[in-house]
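> Structure of the sequence below:
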Amino acid sequence: MQLDQLQSLYQLPFFELLKKAREVHEAHWPDNEVQLCTLLSIKTGGCSEDCSYCAQSSRYDTNLDREMLMEKKEVMESARAAKENGSTRFCMGAAWKGVQDGTKKFDTVLEIVEHVSTLGMEVCVTLGELGEVEARKLRDAGVTAYNHNIDTSPEHYPEIVTSHTFQDRLDTIRCVQDVGMSVCCGGILGMGESETDRLRMLEVLSNFNPPPESVPINALMPMPGTPLEDKAPIDSFDLIRMIALARIAVPKSRVRLSAGRTGLNDEAQALCFFAGANSIFYGDKLLTAENPQSSKDKALLSKLGLSSQKPNPALMPPSAIENLPLDPAPVGA
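I've put the predicted structure just below:
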């Protein structure tokens, strides 16, 4: 989908946009199901990157307690608890610039993945930059999807991160797709970006080939000590519009209502689900940020008549689409 198409949709009256998004959603996702994902930080803090939104960067004084890579036993306990609580996907995040084959930390992660994959849940990891060798080994160990968000538009990206480039992000995503692994990739709203930046982000995502398996839409949760700590919360109607646009732009991808849900009341979340969100992060914490409690989520889903989607650990990545570019996105457009 191109920028001018997204701009035209974004300018529609609110309910007209939601109606179009709902039609797309029902065409591709007819069951009233929501994917429940649990996210665990398996290595916290001490990251060398300078992502302006992140409390885990070692460049900022955020008073975050640094924690080394968790032991396999601890991770398995959390994974089992997540499964018992209803999660169908277990996501593990490590605050690193990236991983490299042949290192002790990467070998440990592979072992952890192999054990978590035996529980019958989908397995997702986010470990920073990686190459084709690392991507293939993660796939073979049992990773269902690799998370690597593009965060914002290519144009706004240098205002948010300088320790790596937007193209570095795309290169990692390309490596993941080249080995036949699914990509989980989205962005963050509320980082001082313009409306055009938000739409450009969706334009890039919609031109991935193959498409992302899932698209997390996050609202910034300003972290004390980070450069973005004073940013005002994003308007809930802006978030709902972006959920609707994401559903239209990537119709076969799961759209995940992610960070920032603590700032939404039940009614706003219900509109997000109506607009096309069919996945949430589920549990008490997202890496270092708060998240609605599981019991509250269960109650809301029950009110809306939504059920939990069953796990699919044998999930195949989306197929490439003919007539789309092989490169993930037109960065220079």
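
> what sits against the nearest residue to residue 247 once chain neighbours are set aside?
Using C-beta to C-beta, 6 or more residues apart in numbering and skipping residues adjacent in sequence, the residue nearest residue 247 is residue 276, 2.7 Å away. C-beta here means a position set from N, CA and C on the backbone, and glycine is covered the same way. Contact analysis of residue 276 by C-beta atoms under 8 Å, 6 or more residues apart in numbering lists 21, 22, 24, 25, 29, 243, 244, 246, 247, 248, 255.

> Return the members of those classed as buried.
Using 16 or more other C-beta atoms under 10 Å as the burial test, the contacts of residue 276 include 21, 24, 25, 29, 243, 244, 246, 247, 248, 255 as buried.

> Go through the residues you listed and name the one with the lowest pLDDT.
Ranked by pLDDT, the buried ones among the contacts of residue 276 bottom out at residue 29 (92).

> List the residues that contact that one.
Neighbours of residue 29 in contact, by C-beta under 8 Å, 6+ apart: 276, 278.

> can you pull out the helices in the protein?
3-10, 14-28, 72-84, 104-116, 132-141, 157-160, 166-178, 195-206, 236-249, 266-275, 294-304 (DSSP state H).

> Dump those helices into CSV; add distance to residue 221 as well.
Shown next, in CSV, are the helices of the chain (distance: least, C-beta to C-beta, whole Å):
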stretch, distance to residue 221
helix 3-10, 24
helix 14-28, 24
helix 72-84, 21
helix 104-116, 26
helix 132-141, 28
helix 157-160, 15
helix 166-178, 21
helix 195-206, 17
helix 236-249, 13
helix 266-275, 16
helix 294-304, 17
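
> Looking at those helices, which is nearest to residue 310?
Among the helices of the chain, helix 72-84 comes nearest to residue 310, with 12.0 Å by C-beta to C-beta.

> Output the contacting helices and strands for the closest one.
Packing partners of helix 72-84 (3 or more C-beta pairs under 8 Å, 6 or more residues apart in numbering; DSSP states H and E): strand 33-43, strand 89-94, helix 104-116.

> So what angle separates the directions of the last one and strand 33-43?
For helix 104-116 and strand 33-43, the angle between their directions (axes from the mean of the first three to the mean of the last three C-alpha atoms, to 10 degrees) works out to 140 degrees.

> Mind listing what's buried along helix 104-116?
Buried residues in helix 104-116 (16+ other C-beta under 10 Å): 106, 108, 109, 110, 112, 113, 115, 116.

> pLDDT score for residue 238?
95.

> Quick check, it in contact with residue 189.
Yes. The criterion here is C-beta atoms under 8 Å, and residue 238 meets it with residue 189 at 6.9 Å.

> Which residue comes closest to residue 188 once chain neighbours are left out?
residue 218 (4.4 Å).

> go on, residue 225?
Residue 225's closest residue in space is residue 62 (C-beta to C-beta, 6+ apart), at 3.6 Å.

> before we move on, what about residue 76?
Using C-beta to C-beta, 6+ apart, the nearest residue to residue 76 is residue 115, at 5.8 Å.

> Repeat that for residue 17.
Closest to residue 17 by C-beta to C-beta, 6+ apart is residue 244, at 5.1 Å.

> again with residue 146
residue 176 (4.6 Å).

> separation between the one you found and residue 29?
24 Å (C-beta to C-beta, to the nearest Å).

> With residue 11 instead?
25 Å.

> Give me the most central residue, this structure.
Centroid-nearest residue in the chain, with C-alpha atoms, centre = their mean: residue 216, separated by 3.5 Å.

> what's that residue in contact with, if anything?
Residue 216 neighbours (C-beta under 8 Å, 6+ apart): 147, 149, 184, 185, 186, 187, 256, 258, 259, 279, 281.

> Can you tell me which of those residues is closest to residue 74?
Nearest to residue 74 among the contacts of residue 216, with distances taken as C-beta to C-beta, is residue 281, at 19.8 Å.

> so how far is stretch 270-277 from its chain's centroid?
Offset of stretch 270-277 from its chain centre (C-alpha atoms, centre = their mean, to the nearest Å): 17 Å.

> Export the contacts of residue 276 to a markdown table and append columns for distance to residue 234.
Formatted as a markdown table, the contacts of residue 276 follow (distance: C-beta to C-beta, whole Å):
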| residue | distance to residue 234 |
| --- | --- |
| 21 | 18 |
| 22 | 22 |
| 24 | 23 |
| 25 | 22 |
| 29 | 25 |
| 243 | 12 |
| 244 | 15 |
| 246 | 15 |
| 247 | 18 |
| 248 | 20 |
| 255 | 16 |
